[in-house]
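*Asks:* Here is a sequence with its predicted model. Questions after.
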Amino acid sequence: MLDNFIQQGCKPDPFTRRQRAYLEDQITSLMTQACYLHYKADPLLRPAAERLVKKCGEFLKEVRMAKYSETSLKRLDSCHPLLQKLFTEVVLTYDCSILCGFRNETDQNRVFEEGRSRIKWPDSRHNSSPSIALDVVPYPIVWPETAKMLSRLKDGQTTKAQALYSTKDLARMYYFGGYVLGLAHGMGIPLRWGGDWDGDRDIHDQTFDDLPHFELVL
Ligand SMILES: [Ca+2]
Ligand SMILES: [Zn+2]
């Protein structure tokens, strides 16, 4: 069964979560066997065992990375290797979508005009290549615009349920921000978040919130 999966390849992400969990189990077991061979068996077998461990490691990485959509992966590819390392790890335990990595001149100046960024090209951390900033949100996404649109449908009256949903969604952003910061700290990756720019754990001391925004402090 595993061979069939390997022959099919894993692009673009044909696995369900259950299949992925199965694959990870199988590969981990293969790696354990290969490690055993490597340390206990005839030295002549060691190169083959080492190759198997390497191949399994690469495949495991690919299977894990496939949890992002192709669009998210493409955006992640435009980012600094440390951001790639961190967010490859994040998605394993917290499903999320990457909205933006590198941003070109047109896009940067557009988000400036729209008030979504305070910075014009080429001064944003999204403007270096590879990008040292990344915008990412927990999955599934509920845009504030969607909540507003729903409320307009009710003659401008936001229902209690909609208001609660919108508030909870904001809470999810803070939950995710804290989670990512904690993981980055554990991995020794210096990270700044748009929900607490000065990193003093106080989220009420800033005038501009950019909750999906994470950047490396280099
Ligand atoms: Ca702060
Ligand atoms: Zn950003």
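*Replies:* Arrived safely. Please read these numbers as outputs of a predicted model, since none were measured by experiment. Numbering: from 1, shown residues only. Ligands and ions are numbered 1, 2, ... in the order given.
*Asks:* Please tell me how far residue 68 sits from residue 33.
*Replies:* Relative to residue 33, residue 68 is positioned 29 Å away (Cβ to Cβ, to the nearest Å). Every C-beta, even on glycine, is put in place using the N, C-alpha and C of the backbone.
*Asks:* should've said residue 24
*Replies:* Taking Cβ to Cβ, one finds residue 24 at 15 Å from residue 33.
*Asks:* and what of residue 72?
*Replies:* Distance from residue 72 to residue 33, by Cβ to Cβ: 33 Å.
*Asks:* Among those two, which residue is more densely surrounded?
*Replies:* Counted by other Cβ atoms under 10 Å, residue 72 and residue 33 do not tie: residue 72 has more neighbours, with 20 against 14.
*Asks:* name the element residue 106 belongs to?
*Replies:* Residue 106 is part of helix 105-113 when elements are defined by DSSP states H and E.
*Asks:* now do residue 211
*Replies:* Assigned by DSSP H and E, residue 211 belongs to strand 210-216.
*Asks:* now check that strand, is it near ligand 2?
*Replies:* Yes - contact of strand 210-216 with ligand 2 (Cβ under 5 Å from the ion) involves residue 213.
*Asks:* Go ahead and measure how far that strand is from the middle of the chain.
*Replies:* With Cα atoms, centre = their mean, to the nearest Å as the basis, strand 210-216 stands 12 Å off its chain's centre.
*Asks:* For it, what does the pLDDT average out to?
*Replies:* Averaged across strand 210-216, the pLDDT comes to 95.
*Asks:* If we go by neighbour counts, what in that strand is buried?
*Replies:* Going by neighbour count (16 or more other Cβ atoms under 10 Å), the buried part of strand 210-216 is 210, 211, 212, 213, 214, 215, 216.
*Asks:* ok, so of those, who is nearest ligand 2?
*Replies:* residue 213 (3.5 Å; Cβ to the ion).
*Asks:* Quick check: closest non-adjacent residue to that closest one.
*Replies:* residue 194 (3.4 Å; Cβ to Cβ, 6 or more residues apart in numbering).
*Asks:* For that neighbour, give me the backbone phi and psi.
*Replies:* Main-chain torsions, residue 194, degrees, to the nearest 10: phi -70, psi 0.
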